[in-house]
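Enquirer: model the following, please.
(3 chains)
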Amino acid sequence: MSASVENHDAGPPAAEQPAGQHSAGEHRDYIGAKLGMWIFIFTELILFGGLFVAYGMYRSMHPHEFHHAAGELNVVLGVINTLVLLTSSLTMVLSIVAIRLKRKTQSMIFLASTMVLGCVFLVNKFFEWKAKIHHGLYPGSEHLMARPPGERLFFGLYYGMTGLHGLHVTVGLVVMAIMLVLLRRDKIRHDDFIKLENAGLYWHLVDVIWIFLLPLFYLAA
Amino acid sequence: MNSSMEHEADDPHIVGYGTFIKVWLALVGLTALLVGLSVAGSPNLALVGLLVITPTKASLVFFYFMHLKYESAALKYMVAIAIAVLVIFVGLTFTDYLFR
Amino acid sequence: MSTAVASTAAPTASEPSFYAGSSRQGVLSWLLTTDHKRIALLYLGSMLTFFLVGMTIGVFMRLEHLTMGPTIMKPTTYNALFTLHGVIMIFLFVIPGLPAVFGNFLLPIMIGAKDVAFPRLNLLSWYLFMAGATIAITSLFTGGGPPDTGWSFYVPYSVTTGTNVTMAVLGAFVIGFSSILTGINFITTIHRLRAKGMNWMRMPLFPWALYATAWVQVLATPILGITLLLVVLERVFGLGIFNPAIGGDPILYQHLFWTYSHPAVYIMIIPAMGAISEIIPTFAHRTIFGYKAIVLSSMGIAGLGSLVWAHHMFTSGMSETSIIIFSLLTFLVAIPSAIKIFNWVATLYKGSIELKAPMLFALGFIFLFSIGGLTGLFQGALAVNMHIHDTYFIVGHFHYVMFGGTGMAFFAALHYWYPKMFGRMYKERTAVVAWVHIFVGFNMLYFTMLVLGMQGMPRRYYDHLPGFHLGHLVATVGSWILVAGLLLMIMNLVRGLFRKVEVPANPWGGVTLEWMVASPPPVENFDVLPVITEAPYTFNPVSEEKAK
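Expert: Numbers count the residues shown, from 1 in each chain, chains lettered A, B, ... in the order given. This next block holds a predicted model:
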């Protein structure tokens, strides 16, 4: 391939192609950073997707046991947690809008609210699991062993999927804590907010996964 | 998405609070509908809930909260491909389990 | 390629190569680098080391089959060895393979960029690779010892065996992350950092191959992640998802495992094909035949190859309807691969062919991969599969495609881009002698396996019946010739680093962007970023002489 060579170094940043380095004040690639985050989101979708494959197959093999076992789950807690996460998604996105409108304090408050809601979710989850374990409904327990096979599968999947989801919520909280610090130190600004936006994408993904977990586990009865 | 272009402002379009609050209300409403169908209705209605309402909720999150509605066509295609791949994985695996 | 461009791109005396151009000193300039070229070499060094370990294990496996009954090891040792051989070769060499080394080194240069989109993520990828390798190697010395399940870790044995499956599997999990991050990096790099004027259909075929591969890396690897995680959860917490005693299905494990591990073989082969698409035009001094077809077939292989996984499971107990569907899909995926073979051969027609070492390896690739691909078709036929599944036929097949395919392409790429990466030159004659040994030894070893498999020799068996003995003897001797060739090749390449030979920017007369910069390139690749005005692989017959 023939290449005519031009001098690009003398032009102003506007004519320069966005580079990969993220040095302060130099070329940033907003679209590239967002694209990278979206591709990571795809990998998470597929990661959970594998578990959904397992769920789908086993539910088709043991429909009645799944239906029956789902009756053990606390629908109210499940719905509350859904509302908690949906609201946290709202506060997350409002945090981004706020900083873009140069309202730093509002943005921080929205972000902190998101974190609080995330913690509420985890607390609910903790009590939920605690109750189940107290009732002897955990992998390997004698009580569970006595149940029909399909029900034991249901609970194996329940702990696996909500556990992995909870792990992702925890990671999300850590990420948001870091974003809060960056917001405070003005490293996230109205003209440079991609980090917050990417954190938001991650959090919304966590929300989407829960949106599917709700009917599959709690409403399957 | 060609990189041989001028540096553009990082996403000039800001969606306002109001839109997001409306989306949130829709999500809450759909959740209520979903729960209602599952609790009060027949198993078939519950299935409708799973197959229709849940993807609708997810779509709202994707398109509005995750800003996908305002992103490039290329990114929209990529999301579609990722979801299609997942659907194919599930579907092809089902050809085993449904026909044993 | 016009000489005008060559002289414009010749480096000025003031521009140091990337070896000298780091702000840090010594080891830290390598361990903390974000330069894609240094990271590529970090991968190269570690991967070649792992390859030699895996190769040695293979030698020992073949030695065990020199005699019937125990020869040099116990049966349990043999099981551990074939597991390790698979894990090391697949996860630590072939899957990272060409993308980790040549993708990292050349992708930015070939598209006219200064580096990848996320340079620090790139370094993290290498550290994750090394961390995963370390964890996997730790499994050798801890717990119940190295796993003996085969690299495929099938349940229920992988869940019940006392060997250290958990560590090995966690190691593979971490390496999977490395692969995913590389995929994210390459996709974003190709979308965002192509030089001005390089629209998609002007991009060379190796970047195209890396692009197709990156999508598979990103969309398939997570399935492996979750599958391996479930094995760990099962071993540690007794989650029981694959346990038939509680209604679980071991076949589901196989589905999930192969949903990744089949696309994984396309992660292995697509970049290899991309490298061949670069080498053949250069040494035939002709433009590639059917550029668009190769682009489409690369994407096609990536897509179709993700739909065929259950052809590894025809004898597992799956539904008959399902195996018919997967058999059909398997036949379909052969089509885009075959298209490529035709295109490469057509490129040779009326070309001015130069049989240098890279070309020899590339032509060897075409021959060996064709055998591998065709034997794959035999396996895709259901009736045949019933007889040859889990025999040496399969072992022969996958070594033809993974080793005769990706392996040979890796060596071809190594010889082709060697002067560019190191600014040195190996001894051509030694390279050819090594190639002959490799080619002869390879076929002696693996073609014999195809025959043994047809005769019914099962795989992963530590011993064999008298009827198979001659075949095993031939194969083992073949392995010695192969290894001699490999060692000679590596020695030649290592010694070449110390030969005082001046290497020009373009020793082969290539026409892609990497040949327009110095050998080795400067830190930021280009003195001035290029602007592309022509289709790729435009060979100017007037300037067939290489730029000296």
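
Enquirer: could you point out where chain C is predicted with low confidence?
Expert: Residue ranges of chain C with pLDDT under 70: C:1-14, C:541-548.

Enquirer: show me where it has strands.
Expert: Ranges of strands in chain C, per DSSP state E, are C:530-532.

Enquirer: now do chain B
Expert: Using DSSP E, strands in chain B do not occur.

Enquirer: what residues does the stretch 51-200 of chain C put near chain B?
Expert: When proximity is defined as CB under 8 Å from any CB of the partner chain, the stretch 51-200 of chain C approaches chain B at C:His191, C:Arg192, C:Leu193, C:Arg194, C:Ala195, C:Lys196, C:Gly197, C:Met198, C:Asn199. Where C-beta positions appear, they are placed from N, C-alpha and C, glycine not excepted.

Enquirer: chain A next: which of those residues are close?
Expert: C:His191, C:Arg192, C:Leu193, C:Ala195, C:Lys196.

Enquirer: for the residues you listed, which one is nearest chain A?
Expert: Set against chain A, the nearest of these by CB to the nearest CB is C:Arg192 (4.2 Å).

Enquirer: give the contact list for the closest residue to chain A within the stretch 151-300 of chain C.
Expert: Residue nearest to chain A within the stretch 151-300 of chain C: C:Gly247 (2.8 Å; CB to the nearest CB). C:Gly247 makes contacts with A:Tyr58, A:Met61, A:His62, A:Glu65, A:Pro148, A:Pro149, A:Gly150, A:Arg152, A:Leu153, as judged by CB atoms under 8 Å, 6 or more residues apart in numbering or on different chains.

Enquirer: show me where chain A dips below the pLDDT cut-off.
Expert: A:1-27.

Enquirer: so where do the strands sit in it?
Expert: A:3-5.

Enquirer: biggest helix in it by residues?
Expert: Across chain A, the longest stretch assigned as helix under DSSP state H is helix A:149-184.

Enquirer: buried ones in that helix, by neighbour count?
Expert: Neighbour-count burial for helix A:149-184 flags A:149-162, A:164-166, A:168-169, A:172-173, A:175-176, A:179-180, A:182-183 (criterion: 16 or more other CB atoms under 10 Å in any protein chain shown).

Enquirer: just stretch C:19-37 next, same as before
Expert: C:Tyr19, C:Ser22, C:Ser29, C:Thr33, C:Thr34, C:Asp35, C:His36, C:Lys37.

Enquirer: just to check, A:Thr87 is in contact with B:Val23?
Expert: No - when contacts are counted by CB atoms under 8 Å, A:Thr87 is not listed as touching B:Val23 (11.8 Å).

Enquirer: quick check, central residue of chain B?
Expert: Ranked by distance to the mean C-alpha position of chain B (CA atoms, centre = their mean), the top residue is B:Ser59 at 2.2 Å.

Enquirer: give me the neighbour count for the nearest residue to C:Trp480 once chain neighbours are set aside.
Expert: Closest residue to C:Trp480 apart from its sequence neighbours, by CB to CB, 6 or more residues apart in numbering or on different chains: C:Gly441 at 7.2 Å. By the criterion of other CB atoms under 10 Å in any protein chain shown, C:Gly441 has 20 neighbours.

Enquirer: surely C:Gly441 meets C:Ala475?
Expert: No - applying CB under 8 Å, one finds C:Gly441 not in contact with C:Ala475, separated by 10.2 Å.

Enquirer: circling back: and the two most separated of the buried residues of stretch C:19-37?
Expert: For the buried residues of stretch C:19-37, the farthest-apart pair by CB to CB is C:Tyr19 and C:Thr34; their separation is 15.4 Å.

Enquirer: so which of the buried residues of helix A:149-184 are also by chain C?
Expert: A:Pro149, A:Gly150, A:Arg152, A:Leu153, A:Gly156, A:Leu157, A:Tyr159, A:Gly160, A:Leu164.
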